[in-house]
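Peer 1: how would this look folded up:
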Amino acid sequence: MHFDEDGSTTWSVAELSSHLTRLLAGAFPDDVWVSGQIRNLNRSNNGHVYFNLAEPSPGDQQPQAQLSVTLLAPEKEQVNKQLVRAGGTVRMTDGIEVRICGRIRWYGPRGTLQLRMHAIDPAFTLGRLQEDRDRLLAELKADGSLERNGRLRLPLLPLRVGLITSRGSAAHADVLSELNSSGIGFEVLFSDARTQGLDSPESVARALKLLGARDLDVILLIRGGGSKTDLASFDSEMIARAIADCPVPVFSGIGHEVDRSIADEVAHSAHKTPTAAARAVVEHVLGFGRAVDSKAQRLHQDVTRVTRLAHQRLEDRSVRTSRSAATALVRAQRSTNEVIAALRRASSLRMNTAQQRLATKEARINAHDPALALARGWSITTTAAGKVLRDPADAPAGTELVTRLSGGTVRSTVTANYTDTTNNPDTKTEEPRNG
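Peer 2: Numbering: from 1, shown residues only. Down below sits the predicted model:
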């Protein structure tokens, strides 16, 4: 440092840098705890970690203030041990709010103010995550968003599947393997999305909106396992509301079996792993097939039972009909025999009556038989035309007569006609002819 002729002071860069170093060391002689949001985290090949600790703000906004943080390799081992003792639930990543401890230093070679980090408070991060989670769940429940996607009807055969995850990730490969190995002809439409970091909520929400506009049956939102901080983006309001507003049922498969995010709470159904989510879709389709087979089998059994019952009833009716017919036939035969007997009795009675009447008539006829009268000396005289002669007036003179006697016939010609022949001595007849 030197003084100019006008009385001003000129510092060299090194002098000013050294002076700032002494001032900061005096102003902040001890460790300081600072809370903020990790941004632009970078892990170098030499084991050091660099990031900015910013005043919390949405990922797409410039923070109001931020501080450069350096975590050198030796101190990083100590920080990692602290994270392990906390259960490994916190991992330093972009977007996570942390409370860290270090010393304020001026780093001359780069001309930057740094926080030399050497400790972390995992409970602070977990507490902030839980606070944000509880607040958001209460809001989603209050406005009905928590159950909106779950009320959507899942098709009986969800064969058109949307898939949201990071391209090339293990979760991506596991889901495709599960769907392909099922032997079912799934049609998969994939949308690549960031599943970790500050831009993850916006990326996933955009993918949900994109696939929600397509003709899909179900959407799989998946991510492999990780720490709570790795999965923190799935507790974001942006992803939660994107799922709630999606017109397609969303199956979530995020993290490991013990993980449960807000995305799981809002989804149509939540599953323990990405593979489990894919298997749920497969089982739904196979279940439909089993249900169809079961109904077909029950239908076949019902038809067989009904057919057997109908056949049995037909046989029973046939037996009853045969018995009824035999009984009816016996009754009819008995009735017929009775009728025949009655007819025979009636016929015999009528025959006897008719014979008696015939005999009476025969006697009467015999009594009036002309042959008997002729045998007693009577005769019958007729005209040649066969007209019986009863009155002399019917035989005028010249009439040829035929007289029938017991022994034959006599032909004669009337010469005179007298009413009383006893008093007429002139009555003449011709000699008999062959008769």
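Peer 1: partners of the helix or strand hosting G162, with directions?
Peer 2: Secondary structure from DSSP states H and E places G162 in strand 160-165. Its sheet considered, strand 160-165 pairs with strand 187-192 (parallel), strand 218-223 (parallel) by DSSP bridges.
Peer 1: hmm, who's touching it?
Peer 2: With contact meaning C-beta atoms under 8 Å, 6 or more residues apart in numbering, strand 160-165 is reached by 171-172, 175-176, 179, 186-193, 195, 204, 207-208, 211, 214-223, 248, 274, 281. All C-beta spots, glycine's among them, are computed from the backbone N, C-alpha and C.
Peer 1: next: stretch 51-71.
Peer 2: Identification of contacts with stretch 51-71 by C-beta under 8 Å, 6+ apart yields 34, 36-42, 48-50, 79, 92, 94-95, 97-98, 100, 102, 107, 112-118, 198-199, 201-202.
Peer 1: do me a favour and average the pLDDT over that stretch.
Peer 2: On average, the pLDDT along stretch 51-71 is 86.
Peer 1: and what of stretch 25-34?
Peer 2: Throughout stretch 25-34, pLDDT has a mean value of 89.
Peer 1: distance between the ends of that stretch?
Peer 2: End-to-end distance of stretch 25-34 (C-alpha to C-alpha, to the nearest Å): 17 Å.
Peer 1: that one: how far from the chain's middle?
Peer 2: Centroid displacement of stretch 25-34 relative to its chain, using C-alpha atoms, centre = their mean, to the nearest Å, is 71 Å.
Peer 1: cool, stretch 248-257 as well?
Peer 2: 26 Å.
Peer 1: in it, what's buried?
Peer 2: Neighbour counts over stretch 248-257 (16 or more other C-beta atoms under 10 Å) mark 248-255 as buried.
Peer 1: which residues in the stretch 301-435 of the chain form strands?
Peer 2: Secondary structure of the stretch 301-435 of the chain (DSSP state E, counting those that start in this stretch): strands located at 380-383, 400-404, 409-413.
Peer 1: which of these sits closest to L152?
Peer 2: Across the strands of the stretch 301-435 of the chain, the minimum distance to L152, taken as C-beta to C-beta, is reached by strand 380-383, at 128.3 Å.
Peer 1: any idea of the mean pLDDT in that closest one?
Peer 2: The average pLDDT within strand 380-383 is 86.
Peer 1: extract the CA atoms of that strand and return them as CSV.
Peer 2: Extracted C-alpha coordinates of strand 380-383, given in CSV (Å, rounded to 0.1, in the frame of the first residue of the first chain):
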residue,chain,number,x,y,z
ILE,A,380,-158.0,-115.1,-57.2
THR,A,381,-159.2,-113.5,-60.5
THR,A,382,-157.3,-110.8,-62.2
THR,A,383,-157.4,-109.1,-65.5
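Peer 1: what lies in contact with that strand?
Peer 2: Here strand 380-383 has contacts from 370, 373-374, 388-389, 394-395, 399-404, using C-beta under 8 Å, 6+ apart.
Peer 1: just the buried subset of the residues you listed, written out for ChimeraX, thanks.
Peer 2: Buried residues among the contacts of strand 380-383 (16+ other C-beta under 10 Å), as a ChimeraX selection:
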select :389,395,399,401,402,403,404
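Peer 1: residues near S191, how many?
Peer 2: 20 (other C-beta atoms under 10 Å).
Peer 1: quick check, pLDDT for it.
Peer 2: Listed pLDDT for S191 reads 96.
Peer 1: quick revisit: including pLDDT and distance to Q301, could the contacts of strand 380-383 go into a markdown table?
Peer 2: As requested, the contacts of strand 380-383 are arranged in a markdown table below (pLDDT from 0 to 100; distance: C-beta to C-beta, whole Å):
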| residue | pLDDT | distance to Q301 |
| --- | --- | --- |
| P370 | 70 | 99 |
| A373 | 68 | 103 |
| L374 | 71 | 104 |
| V388 | 83 | 102 |
| L389 | 82 | 108 |
| D394 | 81 | 109 |
| A395 | 84 | 112 |
| T399 | 86 | 113 |
| E400 | 88 | 112 |
| L401 | 87 | 111 |
| V402 | 87 | 107 |
| T403 | 86 | 110 |
| R404 | 83 | 105 |
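Peer 1: thinking again about what came up before, any of the contacts of strand 160-165 buried? List them.
Peer 2: Listed as buried from those are 171-172, 175, 179, 186, 188, 190-191, 193, 195, 204, 207-208, 211, 216-223, 248, 274, 281; burial here means 16+ other C-beta under 10 Å.
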